[in-house]
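1. take a look and give me a structure for this.
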Amino acid sequence: MVGGWSSKSTLALQIGHNRSARGLQGVIFTRDDRAGEGKLSSRLGLVTEAVEAGEGMDLYAYLVGQLSQGGKADYVIVDEAQFLAPDQIDQLARIVDDLDMDVFAFGITTDFRTKLFPGSQRLIELADRIEQLQVEALCWCGARATHNARTVGGEMVVEGEQVVVGDVNRPSEEIGYEVLCRRHHRRHMTSASARAGVLSPDVLPVNNA
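-> Coordinates of the predicted model:
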């Protein structure tokens, strides 16, 4: 079982395409994708059909059911793995061990409060291999982005439900997401607030003179 982070949906789609071109068939699971239920989409605009891994769904039982009805599956792809429950990550490990099938799980590690998602934590604990994808995400300042920020009207927020579906392509909309470096995440400084020259109340300007 392989876990990956960053530019995840694009790579998930690429892995599925490459294996399909070789005549292999796979099952794609996703959860709360921006394109809607039962879809896997990337920010490049690519979309494919997927199985919605809803709350309480047994992924192992679903796959066994498909195989017992004559279906074929050579591999499994999971996107938005951070939204899965820990027991669903256990089910993915069982698919690898009991069905001898490759599972590629993609997600992000931490939420907008810099806390691990329960699904991501369990994936880190169980995965045979964890890979941080090499396409580097950048903060608006040009530094390496390491943190996810939730925005409301372009301003960063640090309270609320752990999972709220928004759009990273439109962080200035009512609810959006933006990747930031640690410095600007700590300062609650999004690209919109930087353009407006707005600092969080707990951040003092630095005088370099």
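2. need the contact list for residue 54.
-> By C-beta atoms under 8 Å, 6 or more residues apart in numbering, residue 54 lies in contact with residue 31. (Each C-beta comes from the backbone N, C-alpha and C, glycine too.)
3. no no, residue 59
-> 29, 53, 76, 78, 88, 91, 92, 95.
4. cutoff 7 Å now
-> With contact taken as C-beta atoms under 7 Å, 6 or more residues apart in numbering, residue 59 is in contact with 29, 53, 88, 91, 92.
5. again with residue 77
-> Counting by C-beta under 7 Å, 6+ apart, residue 77 touches 12, 15, 16, 26, 28, 104.
6. just the element for it, please.
-> Element membership for residue 77, per DSSP states H and E: strand 75-78.
7. helix or strand next in line after that strand, which one?
-> By DSSP H and E, the next helix or strand past strand 75-78 is helix 86-99.
8. in that next one, what counts as buried?
-> Judged by neighbour count using 16 or more other C-beta atoms under 10 Å, the buried positions of helix 86-99 are 86, 88, 89, 91, 92, 93, 94, 95, 96.
9. and if you look at stretch 184-201?
-> Neighbour-count burial for stretch 184-201 [16+ other C-beta under 10 Å]: 184, 185, 187, 188, 189, 190, 191, 192, 193.
10. export the residues you listed to JSON lines and tack on distance to residue 161?
-> Listed next are the buried residues of stretch 184-201 as JSON lines, based on distance: C-beta to C-beta, whole Å:
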{"residue": "184", "distance to residue 161": "23"}
{"residue": "185", "distance to residue 161": "19"}
{"residue": "187", "distance to residue 161": "23"}
{"residue": "188", "distance to residue 161": "19"}
{"residue": "189", "distance to residue 161": "23"}
{"residue": "190", "distance to residue 161": "19"}
{"residue": "191", "distance to residue 161": "23"}
{"residue": "192", "distance to residue 161": "22"}
{"residue": "193", "distance to residue 161": "22"}
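11. roughly how far is stretch 146-157 from the heart of the chain?
-> Computed by C-alpha atoms, centre = their mean, to the nearest Å, the separation of stretch 146-157 from the middle of its chain amounts to 16 Å.
12. contacts for that stretch, please.
-> The contact list for stretch 146-157, computed with C-beta under 7 Å, 6+ apart, reads 108, 110-112, 114, 164, 166, 171-172, 174-182, 185, 188, 190, 192-193.
13. and the strands in this protein?
-> In the chain, the strands defined using DSSP state E lie at 2-5, 26-30, 39-41, 47-49, 51-52, 75-78, 102-106, 129-132, 147-152, 155-157, 175-180.
14. got the angle for the last one vs strand 147-152?
-> An angle of 150 degrees separates the directions of strand 175-180 and strand 147-152 when computed by axes from the mean of the first three to the mean of the last three C-alpha atoms, to 10 degrees.
15. start the count at 158, not 1, going forward
-> New numbering, starting at 158: the last item is strand 332-337.
16. neighbours around residue 204, how many?
-> As a burial measure, residue 204 scores 16 neighbours (other C-beta atoms under 10 Å).
17. ugh, wrong one, residue 283
-> Residue 283, neighbours per other C-beta under 10 Å, totals 17.
18. wait, it touches residue 246, no?
-> Yes. Taking contacts as C-beta atoms under 7 Å, residue 283 lies within contact range of residue 246: 6.1 Å.
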